[in-house]
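Visitor: model this:
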Amino acid sequence: MTTESGTRDSVRRWKDDEVRRVGVAVCTAELTAVGYTYCLQAQRLLDVLNKGLDDGAARSQASVRVVVGKDFIPLTEARIVFRTGEQRYVASTNIRKSSILFVAEISGGQPEATSVRDLLKVTKKPVATEVHVPPYHLSGRMHAEIWEQLVDHLESHDRFLPLTDVAVMPKLVNVESKFDFVAVNKDRVVYIGEPSAASSEAPPVVAKPRKKRSGLRRLTDIRPDKGS
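Guide: Residues are numbered from 1 along each chain as shown. Predicted coordinates:
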């Protein structure tokens, strides 16, 4: 695969050995597209969604940084599943990031470099998190550091927030609905919060006030006539 981007004066082509293929499910309000997108070898899927294919280096003789995938996420070998159940297969397509509800990683979303993986490690227990992005409700976990700085993340320029161990409801049509990692478009979030302990328990039984008995007997009090 060769990814191409450029200006009128220069063109940048990413070589096959500079990128790796990542299996994803991209969900909008109208459809879910399952296919492959691309990351640079040292990038996470979250980095590409927020910044595009950009390693911070100059990509032309004029030292102008050329970023691929800034406003659209490219997909290849994609199966598009509409909410009606209709399916369509395309060799390649591009989905506007502003229309995306969330992107779920299926395979290959994290770099192989150990040093980068070490940066992802956290010392605090992840926080259970609920995110509502109509018409979907996501239940997962957010790293404690990110949770503690959630206000800053919501106000930052980054468009996507990370969740792990995610379950999607209602279930996606003809697509797996549980994922190890999901990036949520914060611009499409209605609410995000930590579920209360009571939400996982059965609702309390409220006793109904007893009514005074009238002269009418209940059906359960009526015995069958022995003569019938």
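Visitor: Which stretches in the chain count as strands?
Guide: In the chain, the segments counted as strands under DSSP state E are 3-6, 11-14, 19-28, 31-40, 72-82, 87-96, 100-107, 127-133, 136-142, 160-169, 178-185, 191-193.
Visitor: Endpoints of stretch 38-53, how far apart?
Guide: 8 Å (Cα to Cα, to the nearest Å).
Visitor: weakest of the strands of the chain in terms of mean pLDDT?
Guide: Here the lowest mean pLDDT among those goes to strand 3-6, at a mean of 46.
Visitor: I'd like a version of the strands of the chain in JSON lines, one that adds distance to Gly52 and mean neighbour count as further columns.
Guide: The C-beta positions use only the backbone N, C-alpha and C, and glycine is treated the same way. As requested, the strands of the chain are arranged in JSON lines below (distance: least, Cβ to Cβ, whole Å; neighbours: other Cβ atoms under 10 Å):
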{"stretch": "strand 3-6", "distance to Gly52": "9", "mean neighbour count": "15"}
{"stretch": "strand 11-14", "distance to Gly52": "11", "mean neighbour count": "15"}
{"stretch": "strand 19-28", "distance to Gly52": "12", "mean neighbour count": "21"}
{"stretch": "strand 31-40", "distance to Gly52": "10", "mean neighbour count": "22"}
{"stretch": "strand 72-82", "distance to Gly52": "9", "mean neighbour count": "18"}
{"stretch": "strand 87-96", "distance to Gly52": "12", "mean neighbour count": "13"}
{"stretch": "strand 100-107", "distance to Gly52": "14", "mean neighbour count": "22"}
{"stretch": "strand 127-133", "distance to Gly52": "22", "mean neighbour count": "19"}
{"stretch": "strand 136-142", "distance to Gly52": "24", "mean neighbour count": "19"}
{"stretch": "strand 160-169", "distance to Gly52": "12", "mean neighbour count": "20"}
{"stretch": "strand 178-185", "distance to Gly52": "14", "mean neighbour count": "22"}
{"stretch": "strand 191-193", "distance to Gly52": "24", "mean neighbour count": "13"}
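Visitor: and those strands as TSV, adding distance to Asp47?
Guide: Output for those, formatted as TSV (distance: least, Cβ to Cβ, whole Å):
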stretch	distance to Asp47
strand 3-6	15
strand 11-14	15
strand 19-28	11
strand 31-40	7
strand 72-82	13
strand 87-96	18
strand 100-107	12
strand 127-133	20
strand 136-142	17
strand 160-169	10
strand 178-185	10
strand 191-193	21
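Visitor: in stretch 41-51, what counts as buried?
Guide: Residues of stretch 41-51 classed as buried: Gln43, Arg44, Leu45, Leu46, Asp47, Val48, Leu49, Asn50, Lys51 (neighbour count, 16 or more other Cβ atoms under 10 Å).
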